[in-house]
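Asks: Have a look at this prediction, sequence included:
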Amino acid sequence: MLLPLKQGTLYGPVDSRRYGRSLGINLSPFTDKLCSFNCVYCHYGQTARLTMNSEKYRDDLPAFEDVIDELEESLESPVELDLITFSGNGEPTLHPWFPELVDAVIDLRDRCRPNAKVALLSNTTGLDNPKVRKSVTKLDLPVFKLDAGTEETFKKINRPARQVKFNEIVEHLGQIDGIYLQTVLVDGTPSNTEPDELLAYFELLGKIEPREVHLYSTDRPVPSSQIYRVDPEWLEDIASQIRSETGVPAVAFYNGKQD
């Protein structure tokens, strides 16, 4: 059974396998999924509104003031957290006020929870916007998706909105220092684990030079019965290949692993 959409602007804190206790900020609608990707493995199911332009859906998005008011109340409470994360039901950088929200959230963090880090889990498409590119450099943990080494596999795995270009995603990733890359590996149809595809992916990692690569597979329910989970041993082997082939630090994450 697929996971239900988040029904509020804030959720958690949830325990992250990588970062500790994370308070999530959902900048997407609560009723259906608005995103620039329609990934075959998304545990929220199919994307109802596949778009790069959220402006026309502004009324369905959380208002700037509501996000900040709710976050301030939460940060002033006794709740324990290590991280404040932009994530949620869809792509957070599509929100029209994302750059302004980054500044406001960092200000709140500095005043209320100076030891917490501010993170972003993004599919990278928002980097097409210069204001978004500037804003993500202010974050402690900017984490971006890269699930493919070639445009063909990218289209099969991530099934992006028509305006999204794979070469532009790769170019933007290479322009920002200190980013983390998150990759979901799947077997079946489609797959991004074939040897030629992995070699192309390794080549891109060498060009982008992220701070670290995080590998995952489908530990949660997925909408397609034709894709399969990549076993932990295989994830660990691919992480080892990344380290040896590119020199980029890489870590595999899966259920049952002790961080």
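Replies: Thanks, I have it.
Asks: for the protein, what helix or strand is lowest in average pLDDT?
Replies: Among the helical and strand segments of the chain, the one scoring lowest on mean pLDDT, DSSP states H and E is strand 10-16, with a mean of 91.
Asks: Can you show me the CA trace of it as CSV?
Replies: Taking Å, rounded to 0.1, in the frame of the first residue of the first chain, the C-alpha atoms of strand 10-16 are listed here in CSV:
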residue,chain,number,x,y,z
LEU,A,10,4.9,20.5,9.1
TYR,A,11,5.4,16.8,9.9
GLY,A,12,7.5,14.8,12.3
PRO,A,13,10.1,15.0,13.6
VAL,A,14,10.8,11.7,11.9
ASP,A,15,13.9,9.6,12.5
SER,A,16,16.2,9.9,9.5
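Asks: The following helix or strand past it - what's its average pLDDT?
Replies: Remark: after strand 10-16, the chain's next helix or strand is strand 20-26, criterion DSSP states H and E. For strand 20-26, the mean per-residue pLDDT is 95.
Asks: Arg113 versus the residue sitting furthest away from the middle of the chain, what's the distance?
Replies: Going by CA atoms, centre = their mean, the residue of the chain most distant from its centre is Pro78, 27.5 Å out. Distance of Pro78 to Arg113, given as CB to CB, to the nearest Å: 11 Å. C-beta: built from backbone N, CA, C; applies to glycine.
Asks: same question, Val132
Replies: Noted for Val132: a distance of 24 Å to Arg113, by CB to CB.
Asks: Quick check: Ile238 is in a helix.
Replies: Yes. Counting by DSSP: H, G, I helix; E, B strand; the rest coil, Ile238 is part of a helix.
Asks: With the flanking residues excluded, which residue is spatially nearest to it?
Replies: Excluding the flanking residues, the one nearest Ile238 by CB to CB, 6 or more residues apart in numbering is Leu215, at 6.2 Å.
Asks: any idea of the mean pLDDT for the helix or strand where that neighbour lies?
Replies: Assigned by DSSP H and E, Leu215 falls within strand 212-216. For strand 212-216, mean pLDDT rounds to 97.
Asks: Cys42 touches Ser224, doesn't it?
Replies: No. Shown here, Cys42 and Ser224 do not form a contact pair, counting by CB atoms under 8 Å, at 9.5 Å.
Asks: From the neighbour counts alone, determine which of these two ranks first.
Replies: Shown here are Cys42 and Ser224; by other CB atoms under 10 Å, Cys42 has more neighbours (23 against 16).
Asks: can you tell me how far Glu245 sits from Gly90?
Replies: Distance of Glu245 to Gly90, computed by CB to CB: 33 Å.
Asks: Looking at these two, which one has more neighbours?
Replies: More neighbours surround Gly90 than the other of Glu245 and Gly90, with 30 against 16 (other CB under 10 Å).
Asks: you'd agree Tyr180 is up against Leu139?
Replies: No. In this structure, Tyr180 is not within contact of Leu139 by CB under 8 Å, at 10.3 Å.
Asks: elements contacting the strand holding Leu215?
Replies: Packing partners of strand 212-216 (3 or more CB pairs under 8 Å, 6 or more residues apart in numbering; DSSP states H and E): strand 180-184, helix 232-246, strand 250-252.
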